[in-house]
Every structure is written in C-alpha cells, then in structure tokens.
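Visitor: With the input below, show me the fold.
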Amino acid sequence: MGAARKGRLVRIIDLSALPSREIDDFGSAGFRIAGVGHLRQAQIALLTLAPGGSVGRHPAVGDQLLVPLRGSATVSGSDDAPAPLLGGAAVLWTDGEEHETRAAQEGLVALVVEGVLDPAPGLRSTVDEVGRESSEAGN
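Guide: Got it, this is the predicted structure:
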C-alpha cells in the first residue's frame, strides 16, 4: 500500500450499489455478479446468490478465492464432495478445477478474487494440507 496521506477520509464503498448482471450459464439460478475492480493479475467481483440459488458446475478460470460476506453456502470442487462454507472461512479453487456453489436458505453475498494466487504462509499450509488429504483419499 502507498504512503498515508494526511487529511484523507476513509472511503467506504456501498457494495449493494454496484451495477450487477444476472448469470444463468451452467444451469445457474438466482445468481448476480458485480465487478469490484482489477488487480494487476487478478480481478475482484461481488457474487450474490438468492436464497437457494446456485453457480452451476464449471471450471475455474485461474485460481478463485470465494470469501463469504453474508450468508452461507455448500461448495464442491473436483471431487464433487459437498462442504459447508460459513462466515470466517473461504474456499480456494485452482485453475481449471471444476466446482459449484449452492446458497443456503439465507442466500450468499461473497467476494470472488480470480487470478494467480501465491498463498500467504498461513494459507499455504492449509491449502497444502487440503490438497494432500484430497490426493490421499483418491488413492
């Protein structure tokens, strides 16, 4: 981050005011997406799923990090095994990995970060651990 500027107020962004569009590809239902911005090798979007809505099974375009802001969901990756996604957690899918997201009855609002992810040390161990568990389960 750049140097702090004196006298600059914090900028709070009303994410609900972002222009969004409905997506129905891959059999998705009740799914809206709004662009938030781009990083050098990534993009950030706001995903909104209506109660019971879904993002149909599709391959990840780059690494994808889904961070719930409100609500919860059931997610799956290449193994198609459902897992709960609650506040305080995130899900990471790797480039090309088939995945799906289904909102719970309260719906889901989440940030999606897509691009090339070099996980921070604390996250890296979690990613490696999950990857190892998945590969061991496949043996």
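Visitor: contacts, neighbours, all on C-alpha from now
Guide: Fine.
Visitor: List the single closest residue to the residue nearest the centre of the chain in space, sequence neighbours excluded.
Guide: The residue lying closest to the centre of the chain (CA atoms, centre = their mean) is residue 66, at 1.5 Å. Computed as CA to CA, 6 or more residues apart in numbering, the closest residue to residue 66 that is not its neighbour in sequence is residue 112, at 4.7 Å.
Visitor: for residue 100, same thing?
Guide: Excluding the flanking residues, the one nearest residue 100 by CA to CA, 6+ apart is residue 57, at 4.4 Å.
Visitor: Could you do residue 43 as well?
Guide: Nearest to residue 43 is residue 114, by CA to CA, 6+ apart, at 5.3 Å.
Visitor: Could you give the number of residues near that neighbour?
Guide: Counted with other CA atoms under 10 Å, residues neighbouring residue 114 total 24.
Visitor: Could you do the one 3 residues further on as well?
Guide: By other CA under 10 Å, 16 other residues sit near residue 117.
Visitor: just checking, it is part of a strand?
Guide: No: in this structure, residue 117 is coil, not part of a strand, as judged by DSSP: H, G, I helix; E, B strand; the rest coil.
Visitor: thought it was touching residue 63?
Guide: Yes: using CA atoms under 8 Å, residue 117 is in contact with residue 63, at 6.1 Å.
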